[in-house]
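>>> Generate coordinates for the sequence data below:
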Amino acid sequence: MNRCSWVNLKNPLYIKYHDEEWGILNLEEQYLYEMLILESFQAGLSWECVLNKREAFKKSYDNFDIDKVIKYDSNKINELCNNKDIIRNKLKIKASINNSIIFKDIEKEYGSFKNYLLSFIDNYPIIENNKTTNEISDNISNDLYKRGMRFVGSTIIYSYLQAIGIINSHLDGCFLYKN
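Numbering: from 1, shown residues only. Got it, this is the predicted structure:
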């Protein structure tokens with residue numbers, strides 16, 4: 001089976017992620033939240049690094065229960081900073097809690113985070129590859145920054161939109177390629 005050339009074929013997690021998630025539309029609220037948190041930890045790192053730690057993140061972040069995450073205190077932050085199984089960047093950990101609060105505020109304002117995202121998009125999925133940003137990722141990133149989120153630059157948001165399937169960037173020759 002032909003896959004995108006960037007897939008590490010020696011990593012079963014990466015193969016499974018590519019084949020069953022990446023670029024495949026999933027706008028379930030819990031998934032949107034989990035992926036936003038994980039993508040924010042990717043900043044400056046490879047997605048494979050984050051993916052390899054995904055299960056540890058799920059455990060450490062109470063299975064991405066937003067109502068628990070928004071209540072994390074300094075003790076929990078210290079616990080996360082000392083957890084060798086996740087990315088222990090204190091700025092990203094603090095941002096993940098802050099971003100969770102803002103995510104919840106957006107859900108209240110728009111009825112769901114899905115509605116918020118779709119307010120920036122006319123039609124989806126968007127089929128494009130060989131890009132790292134576009135006008136949509138720029139606009140969402142700028143809005144999220146204005147709302148106070150961090151580690152949500154346009155490249156991270158573009159990657160997020162790929163992860164949740166709003167943008168399908170599978171490469172020509174991949175069994176999931178669409179033109």
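>>> Please count neighbours and contacts with C-alpha atoms only from this point.
OK.
>>> thought A95 was touching G148?
No: at 9.4 Å, A95 does not count as touching G148 under the criterion of C-alpha atoms under 8 Å.
>>> can you give me the strands for this structure?
With DSSP state E as the criterion, the chain has strands at 126-127, 167-168.
>>> Just the buried positions in the lengthiest helix in the chain, please.
Using DSSP state H, we find that the single longest helix of the chain is helix 90-110. Neighbour counts over helix 90-110 (16 or more other C-alpha atoms under 10 Å) mark 92-104, 106-107 as buried.
>>> quick one, what contacts G44?
Taking C-alpha atoms under 8 Å, 6 or more residues apart in numbering, we find G44 in contact with no residue.
>>> With I156 as the reference, measure out to it.
With the distance defined as C-alpha to C-alpha, to the nearest Å, G44 ends up 10 Å from I156.
>>> Kindly report the same for M1.
Between M1 and I156 the distance is 28 Å, computed by C-alpha to C-alpha.
>>> Who has more neighbours out of these two?
Between M1 and I156, I156 has the larger neighbour count (other C-alpha atoms under 10 Å), namely 22 against 5.
>>> quick one: contacts for that one?
Taking C-alpha under 8 Å, 6+ apart, one finds E39, S40, Q42, A43 in contact with I156.
>>> Surely the third one touches V50?
Yes: with contact defined as C-alpha under 8 Å, Q42 and V50 form a contacting pair (6.2 Å).
>>> returning to that earlier point: so which of the strands of the chain comes closest to S5?
Of all the strands of the chain, it is strand 167-168 that lies closest to S5, at 14.9 Å by C-alpha to C-alpha.
>>> Packing partners of that closest one?
Where contact means 3 or more C-alpha pairs under 8 Å, 6 or more residues apart in numbering; DSSP states H and E, strand 167-168 is packed against strand 126-127, helix 154-163.
>>> Adding distance to D73 and mean pLDDT, write the ones you listed out as JSON lines.
Shown next, in JSON lines, are these (distance: least, C-alpha to C-alpha, whole Å; pLDDT from 0 to 100):
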{"stretch": "strand 126-127", "distance to D73": "39", "mean pLDDT": "96"}
{"stretch": "helix 154-163", "distance to D73": "26", "mean pLDDT": "98"}
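>>> Looking at the ones you listed, which is nearest to L32?
Nearest to L32 among the helices and strands packed on strand 167-168 is helix 154-163 (8.7 Å), distances taken as C-alpha to C-alpha.
>>> most tightly surrounded among the helices and strands packed on strand 167-168?
helix 154-163 (a mean of 24; mean count of other C-alpha atoms under 10 Å).
>>> can you pull the buried residues of stretch 168-179?
Buried-residue list, stretch 168-179, by 16+ other C-alpha under 10 Å: N168, S169, H170, L171, L176, Y177.
>>> Give me the phi and psi angles of the second one.
Just to be clear, that refers to S169. Per-residue torsions, S169: phi -120, psi 20 (degrees, to the nearest 10).
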